[in-house]
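Novice: Sequence plus predicted model, see below.
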Amino acid sequence: MGRPVASKMTKTLTLFNQTFILHPSGAMFWEEEDLLVISDVHLGKVSHFRKFGSAVPQKAIAGNFKKMDEVIGFFDPSKIAFLGDLFHSSLNKEWLLFEQWMETVSAEVILVEGNHDIISPLKYEALGIFITSEMVIKNFLFTHHPEEREGFFNFSGHIHPGVKINGHGRQQLKLSCFFKSKDQLILPAFGEFTGKHILIPQGDDEVYVVTKEEVIYLND
């Protein structure tokens, strides 16, 4: 399998001599491990909201699966790790779509459990998905909630990080981002209709904003 290369649409980080590529979808690819990392897809959320009367468009359901297909096609990973909140709620009709989608995935799939992952682990295991509370590889700790642990760089999700950017006049944009501090990188929420928690960079924090076309280092 050939290694993908960074493109104009991505940004590359080097941590402990390892290469991590940030993608506009909000996913991250660890090149040396051939591992694609995705956080907070919240499958089932659209159906959950529609069930209770929210005017969320039906086509948004397909949007999450299309987005996953596109980023998997871009990197062609041998392993995929979801950093929690893969499914938003209890079982609904989107689970059937997820089962069908899993039949198209040849990569090994790992789920680091999040607070929304309330579906029985047996359902995931029946699809060949390995479930764990955390994942440790080399100097890196993968969790759902941000965590500090001495000697490790932490990758996490949960927060749905975003930042405010001032435009022309009084225009202000709220954009999702990868939010990096000294020993941690919080991934943006991958899923549709997941919202954003606005963070304010401090000190040496680094912000990588995601748009539909590219990842932008905010300090550029």
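Specialist: Ah, there it is. This structure is a prediction, so every number in the text was calculated from the model and none was measured.

Novice: rest of the way, CA atoms for contacts and neighbours
Specialist: OK.

Novice: my guess is F142 contacts E134, does it?
Specialist: Yes - the criterion here is Cα atoms under 8 Å, and F142 meets it with E134 at 5.7 Å.

Novice: Pull up the overlap in contacts between these two.
Specialist: Counting by Cα atoms under 8 Å, 6 or more residues apart in numbering, the shared contacts of F142 and E134 are V112.

Novice: So for the two, which sits in the more crowded spot?
Specialist: More neighbours surround F142 than the other of F142 and E134, with 26 against 17 (other Cα atoms under 10 Å).

Novice: Mind listing the residues bridging to that one?
Specialist: M135, F155 (DSSP bridges).

Novice: G203 versus that one, what's the distance?
Specialist: Going from F142 to G203 by Cα to Cα, to the nearest Å gives 24 Å.

Novice: Could you list the low-confidence segments of this structure?
Specialist: 1-6, 45-61, 88, 90-91, 168-169, 220 (pLDDT under 70).

Novice: what's the distance between the lengthiest helix in it and the middle of its chain?
Specialist: When secondary structure is assigned using DSSP state H, the longest helix within the chain turns out to be helix 59-75. The chain centroid and the centroid of helix 59-75 are separated by 12 Å, computed with Cα atoms, centre = their mean, to the nearest Å.

Novice: Can you get me the start-to-end distance on stretch 139-153?
Specialist: Terminal residues of stretch 139-153 are spaced 6 Å apart (Cα to Cα).

Novice: same question but for stretch 164-177, I mixed them up
Specialist: Chord length of stretch 164-177, first to last residue, is 10 Å (Cα to Cα).
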